[in-house]
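Undergrad: show me how the following folds:
(4 chains)
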2 protein chains.
Amino acid sequence: MSLKLSNQIPDIVIGRLPLYLRALARLTQEGRDVTSSHELGRRLGISSAQIRKDLSHFGGFGKQGTGYQIEFLTDKLKQVLQVNREWKVAVIGAGNLGSAISHYGGFTERGFRISWLFDTDESKVGTQIGEFQVFSMHDLEEIITENKCQIAMIAIPAEYAQDVTNRLIEVGVRSILNYAPINLDVPEDVMVQYIDPVVHLQHMTYYLRDDE
Amino acid sequence: MSLKLSNQIPDIVIGRLPLYLRALARLTQEGRDVTSSHELGRRLGISSAQIRKDLSHFGGFGKQGTGYQIEFLTDKLKQVLQVNREWKVAVIGAGNLGSAISHYGGFTERGFRISWLFDTDESKVGTQIGEFQVFSMHDLEEIITENKCQIAMIAIPAEYAQDVTNRLIEVGVRSILNYAPINLDVPEDVMVQYIDPVVHLQHMTYYLRDDE
DNA sequence: ATTTTGTTGTGCAAACTTTCACATGTCATT
DNA sequence: AATGACATGTGAAAGTTTGCACAACAAAAT
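TA: Residues are numbered from 1 along each chain as shown, chains lettered A, B, ... in the order given. Sure, this is the predicted structure:
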């Protein structure tokens, strides 16, 4: 069987696939050809059974007795996640964060190209940040629409995030990665993911107890 | 009842508390005094029942018929998460990312102070980035140990991340926020959280299908 | 006073997720 | 050829998480 996508696969499973892909990339880099659910599990801190069950949702990618061909599995997972192509991404906000994102070289080899960097600060507009020219927020709608861009990253202060989100959705953006520390209100067919380092830190401090 | 911490609370519950705290901060900013599980739920995209159940793990923070006093609930959650104090944090890597992190002003009001910025590049050592002096990686152990620093953020290339992690753990770090796109191997009593924007993007592209 | 509306905290049921355990298959070695 | 070591894929069991529904309570309106 090969690449079954029908009947609803749990979102929690989808969320783990990028981690598998990341581990597989690492193995490839190490010059390996074949791996097993046990090895992947050990590296990711996940049980081997879970990895096998996750992958089985999409058909049989492995070979009993042998394991998984790394290149083959990588291709299949990229196909499932639709990252066997290049998605153009708009970054909103050319401050420290937007600038750091733009300089990060790790996007292209994993399916994404930062294509536009927007800012309200007209003194920045037209200047170069990394490889990117900064565009004016006035041109947001036109550029996003014309290029059918569906993915955006929000790297501006929390207070402006909802307004910008509304504008993005209006012109067809359907996936938003939000770095602003605020929950966004979006329609059902738009997906938002959040990156807030403080949320992770606060989660961890719970366990920094000396007692018990 | 007030602040029950005994018998194991699910980690998934702990992980939501920072989100509640973030929503409560927003409400405070809007000048509100009281809120309800329904309002919080609406804002966070979580059911009201779940919020009530989560909070009930720590005792009764609300008042039947009335709701939750925002200031009171905020204090209690900060207490539970131990962020009613200031944690000193070391940032490893003074590149674009480490630099952006250091410039971000949102840490202190939520319980964290970036206190040291380390880099191997000796030409950066001693210079100022934002409010911070850059320290040499040679002094890592001494500084972390002397200051009993328990939290670090890793903002260096994947290939060096495991080695640095080992060094950090050796001198007492117990919470690591890893920005490098690689899984870290750590002992049971050390907690790692990951920030990898590409993982989020790849998760979302799965749903960017036109068909079905 | 009584009614109405709105809220929390919680026992229980439902839904979801993970793990177990094993039939089935592969391959290297004897 | 037969054996042993090691994998996958999966049905069933176990474990975890979420949602329902309601008693108990609060406050405002009638």
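
Undergrad: which elements pack onto the longest helix anywhere in chain A?
TA: When chain A is parsed with DSSP state H, its longest helix is helix A:11-29. In terms of contacts (3 or more Cβ pairs under 8 Å, 6 or more residues apart in numbering or on different chains; DSSP states H and E), helix A:11-29 is packed against helix A:37-44, helix A:48-56, helix A:70-81, helix B:197-205. Just so you know, the C-beta spots here come from the backbone N, C-alpha and C atoms, and that holds for glycine as well.

Undergrad: apply 6 Å and report the result again.
TA: helix A:37-44, helix A:70-81, helix B:197-205 (3 or more Cβ pairs under 6 Å, 6 or more residues apart in numbering or on different chains; DSSP states H and E).

Undergrad: deepest of those, which one?
TA: Comparing those by mean neighbour count (mean count of other Cβ atoms under 10 Å in any protein chain shown), helix B:197-205 ranks first with a mean of 23.

Undergrad: so how far is it from its chain's centroid?
TA: Using Cα atoms, centre = their mean, to the nearest Å, the mean C-alpha position of helix B:197-205 is found 20 Å from that of the whole chain.

Undergrad: and the longest helix of chain A, what's its mean pLDDT?
TA: Average pLDDT, helix A:11-29: 98.

Undergrad: and the nearest residue to A:G67 once chain neighbours are set aside, what pLDDT?
TA: Computed as Cβ to Cβ, 6 or more residues apart in numbering or on different chains, the closest residue to A:G67 that is not its neighbour in sequence is A:S36, at 4.0 Å. On pLDDT, A:S36 comes in at 98.

Undergrad: burial count for the residue lying closest to A:T66 once chain neighbours are set aside?
TA: Closest residue in space to A:T66, ignoring its immediate chain neighbours: A:V34 at 6.8 Å, by Cβ to Cβ, 6+ apart. A:V34 is flanked by 16 other residues according to other Cβ atoms under 10 Å in any protein chain shown.

Undergrad: got the angle between the longest helix of chain A and helix A:37-44?
TA: Relative orientation of helix A:11-29 versus helix A:37-44 (axes from the mean of the first three to the mean of the last three Cα atoms, to 10 degrees): 90 degrees.

Undergrad: do helix A:11-29 and DNA strand C meet at all?
TA: Yes: for a cut-off given as Cβ under 7 Å from any atom of the strand, helix A:11-29 has contacts with DNA strand C, namely A:11-13.

Undergrad: from the residues you listed, pick the one nearest chain B.
TA: Top of the list for closeness to chain B, among the residues of helix A:11-29 next to DNA strand C and by Cβ to the nearest Cβ, is A:D11 at 8.4 Å.

Undergrad: count of neighbours near that closest one?
TA: Residues lying near A:D11 (other Cβ under 10 Å) number 11.

Undergrad: ok, now A:H103?
TA: By the measure other Cβ under 10 Å, the count of residues near A:H103 is 17.
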